[in-house]
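Asker: here's a sequence, model it:
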Amino acid sequence: DLKVLQENFDDEIIKEIDVLNVAKIFKYLDENGVYYAKDLFLSSLDLFLLPSEEFINKFEKLKKRIGDNYIDELGENSSLIEIMYED
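Answerer: Below you'll find the predicted structure:
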């Protein structure tokens, strides 16, 4: 996994990872049935650098925007995660 991170992101960004914060985000995603959280982490690390509360708020907005089928929709089209960059 570290190799994938290093391929996608520079070391400065990787050093910013707060393990406790990321653990809170993973717990939240798991509780919401997002079984591909690790894939999201590896492709969208910058979102996981947000404080967990901010990540959760943005993800809740994403869920509302995509709809009840958000787990499958996001799983099939991970680029939908980019909605979280909007504010």
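
Asker: report all helices and strands that the top helix by length along the chain contacts.
Answerer: Longest helix of the chain, by residue count under DSSP state H: helix 52-66. Judged by 3 or more C-beta pairs under 8 Å, 6 or more residues apart in numbering; DSSP states H and E, helix 52-66 is in contact with helix 19-31, helix 45-48, helix 70-76. Every C-beta, even on glycine, is put in place using the N, C-alpha and C of the backbone.

Asker: quick one: low-confidence parts of this structure?
Answerer: For the chain, the stretches with pLDDT under 70 are 87.

Asker: deepest in the core, which of the helices and strands packed on helix 52-66 is it.
Answerer: Of the helices and strands packed on helix 52-66, the one with the most neighbours on average (mean count of other C-beta atoms under 10 Å) is helix 45-48, at a mean of 17.

Asker: how about the helices and strands packed on helix 52-66, which one is nearest residue 7?
Answerer: Across these, the minimum distance to residue 7, taken as C-beta to C-beta, is reached by helix 45-48, at 11.4 Å.

Asker: how far does the closest one sit from its chain's centre?
Answerer: In this view, helix 45-48 has its centroid 6 Å away from the chain centroid, taken as C-alpha atoms, centre = their mean, to the nearest Å.

Asker: render the CA-only coordinates of that helix in CSV, please.
Answerer: Extracted in CSV, the C-alpha atoms of helix 45-48 (Å, rounded to 0.1, in the frame of the first residue of the first chain):
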residue,chain,number,x,y,z
LEU,A,45,-5.2,10.7,0.1
ASP,A,46,-5.7,14.5,0.3
LEU,A,47,-9.3,14.0,1.5
PHE,A,48,-8.1,11.7,4.3
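
Asker: in TSV, list the helices and strands packed on helix 52-66 along with distance to residue 58.
Answerer: Compiled in TSV, the helices and strands packed on helix 52-66 are given as follows (distance: least, C-beta to C-beta, whole Å):
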stretch	distance to residue 58
helix 19-31	11
helix 45-48	8
helix 70-76	13
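
Asker: out of the ones you listed, which gets nearest to residue 55?
Answerer: With C-beta to C-beta as the measure, helix 19-31 is the member of the helices and strands packed on helix 52-66 nearest residue 55 (5.2 Å).
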